[in-house]
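*Asks:* please work out how this folds:
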Amino acid sequence: MVSLLLSFLALFQGVTNVPFDVRARESLVFGKGASSGSTYYDVVITRQPSDGVLIRLPYTRKGGRFTFDLHHRIAMTPDFASPAEVTTVVEVLTGGTTSIGTYTMSGKVSPGDKPAEAVTKVSTAELDKFVDPQGSKTVVLTIRPGPQSISIVGLSQVITRGTATARIDTPNARIATISKLKFEEVTEVNPLKKTP
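*Replies:* Predicted structure coming up:
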């Protein structure tokens, strides 16, 4: 009954949730959110769309809206003793290496900060046990009509502690995680005026 009501509301608003295909390499799966059930993917620094979090969106007649939550990927090791200012920059590519947007997330990460949500991690590596997605920013993309593939790739991460600043821009470095991927198709040009 609830899903029927939500479907009706989505139609009334002129958008509907549509399934899409995440084609990211299995090695980029960070884990699953304990409360949301959302899959978390690592974002690596690369200029090759096939090496990023590759997503194949379905064909749409009127376009749509793709959203995801962006998080810093930080190792909260025992020596993480002082607050850090963290700036993470990712880019969304389409059509090969054509950029459709660069997205920046900045914020303070302090010792003892809790992750966006508890994540059941895939990796059992010693270093990864300290890694958590920190902070959250929702990124919204307007998708053009027709078929489209997009890839989310990392550009850089800057961590400042006191007077020391470290910049991470090494290819294949994992600097961010993304979660709660969602695609909504526009079903009406103007939801208040039904199309014939």
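*Asks:* which helix or strand contains the residue nearest to V140 when sequence neighbours are not counted?
*Replies:* Once flanking residues are discounted, V140 sits nearest to T67: 5.1 Å by Cβ to Cβ, 6 or more residues apart in numbering. (Each C-beta comes from the backbone N, C-alpha and C, glycine too.) Assigned by DSSP states H and E, T67 falls within strand 64-75.
*Asks:* helices or strands next to that strand in the packing?
*Replies:* Helices and strands touching strand 64-75, by 3 or more Cβ pairs under 8 Å, 6 or more residues apart in numbering; DSSP states H and E, are strand 39-44, strand 53-57, strand 84-94, strand 98-109, strand 131-143, strand 148-161, strand 174-186.
*Asks:* how far off centre is that strand?
*Replies:* Its chain's average C-alpha position is 3 Å from that of strand 64-75, according to Cα atoms, centre = their mean, to the nearest Å.
*Asks:* and the angle for it with strand 148-161?
*Replies:* Here strand 64-75 runs at an angle of 30 degrees relative to strand 148-161 (axes from the mean of the first three to the mean of the last three Cα atoms, to 10 degrees).
*Asks:* where does pLDDT dip in the protein?
*Replies:* Along the chain, the parts satisfying pLDDT under 70 run over 1-16, 188-196.
*Asks:* go again using 50 as the cut-off
*Replies:* For the chain, the stretches with pLDDT under 50 are 1-13, 192-196.
*Asks:* could you report the neighbour count for R47?
*Replies:* By other Cβ atoms under 10 Å, 12 other residues sit near R47.
*Asks:* actually H72, not the one I typed
*Replies:* Using other Cβ under 10 Å, the number of residues around H72 comes to 25.
*Asks:* likewise for the one 3 residues further on?
*Replies:* Residue crowding around A75 was assessed by other Cβ under 10 Å; the count is 12.
*Asks:* K121 contacts D132, correct?
*Replies:* No. Checked against Cβ atoms under 8 Å, the pair K121 and D132 is beyond contact range at 9.1 Å.
*Asks:* when the two are compared, which one has more neighbours?
*Replies:* D132 (23 against 16).
*Asks:* for that one, give its distance to V109.
*Replies:* In this view, D132 and V109 are 10 Å apart by Cβ to Cβ, to the nearest Å.
*Asks:* perfect, that will be all.
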